[in-house]
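Enquirer: missing the sequence, but the structure's below:
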């Protein structure tokens with residue numbers, strides 16, 4: 001079991017790993033060994049995710065989810081399969097944890113009478129400063 005939060009845990013069988021050849025550094029190894037990892041997780045049909053988290057994850061990671069509702073994470077940062085595999089799992093856990101966060105509700109507030117008064121005083125002062133900048137009055 002892969003623990004996401006205290007309430008959510010994913011079964012390892014829900015994750016599918018595919019190893020592919022990675023581009024980039026690696027010397028002669030790069031053409032022989034499939035070190036890049038492609039992690040697939042079926043968001044839509046996963047029994048482990050609560051509905052609220054599933055919906056939020058579908059919105060947050062919409063560019064990484066295909067038409068069937070499968071989340072695809074590519075990990076090719078490291079030179080070894082195991083580190084790339086762990087990186088992909090860590091990124092999946094981070095995405096799901098991010099989807100579990102409930103935003104704080106905003107409490108509407110009004111400015112106090114004193115705050116309104118201070119604003120008006122500042123405006124009056126600023127207006128007075130600007131009034132002194134004009135041309136001197138003509139003596140006609």
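Expert: Yep, that arrived. Owing to the predicted nature of the structure, the values given are computational and were not obtained by experimental measurement.
Enquirer: okay, CA-based contacts and neighbour counts for the rest of this
Expert: OK.
Enquirer: check contacts around residue 20.
Expert: Listed by Cα atoms under 8 Å, 6 or more residues apart in numbering, the contact partners of residue 20 are 34, 35, 36, 37, 38.
Enquirer: Backbone dihedrals for it, please?
Expert: Torsion angles at residue 20 (phi, psi; degrees, to the nearest 10) stand at phi -130, psi 160.
Enquirer: so it bridges to which residues?
Expert: In this structure, residue 20 has the following beta-bridge partners (DSSP bridges): residue 36.
Enquirer: ok, it to residue 3 distance?
Expert: Here residue 20 is placed at a distance of 26 Å from residue 3 (Cα to Cα, to the nearest Å).
Enquirer: next one: residue 50
Expert: Counting by Cα to Cα, the separation of residue 50 from residue 3 is 14 Å.
Enquirer: Residue 62 too?
Expert: On the measure of Cα to Cα, residue 62 and residue 3 end up 23 Å apart.
Enquirer: Please tell me I have it right and residue 14 contacts residue 44.
Expert: No. Contact status for residue 14 versus residue 44: not in contact, 11.5 Å apart, counting by Cα atoms under 8 Å.
Enquirer: From the contacts of residue 20, list just the buried residues.
Expert: 34, 35, 36, 37, 38 (16 or more other Cα atoms under 10 Å).
Enquirer: dump the residue contacts of the first one.
Expert: Right, residue 34. When contacts are counted by Cα under 8 Å, 6+ apart, residue 34 touches 19, 20, 21, 22, 81.
Enquirer: Give me the helices and strands touching the helix or strand of the chain with the lowest mean pLDDT, please.
Expert: Ranked by mean pLDDT, DSSP states H and E, the helix or strand of the chain with the weakest confidence is strand 2-3, at a mean of 72. Contact partners of strand 2-3 among helices and strands, from 3 or more Cα pairs under 8 Å, 6 or more residues apart in numbering; DSSP states H and E: strand 9-10.
Enquirer: other SSEs contacting the strand it packs on?
Expert: On the basis of 3+ Cα pairs under 8 Å, 6+ apart, strand 9-10 makes packing contacts with strand 2-3.
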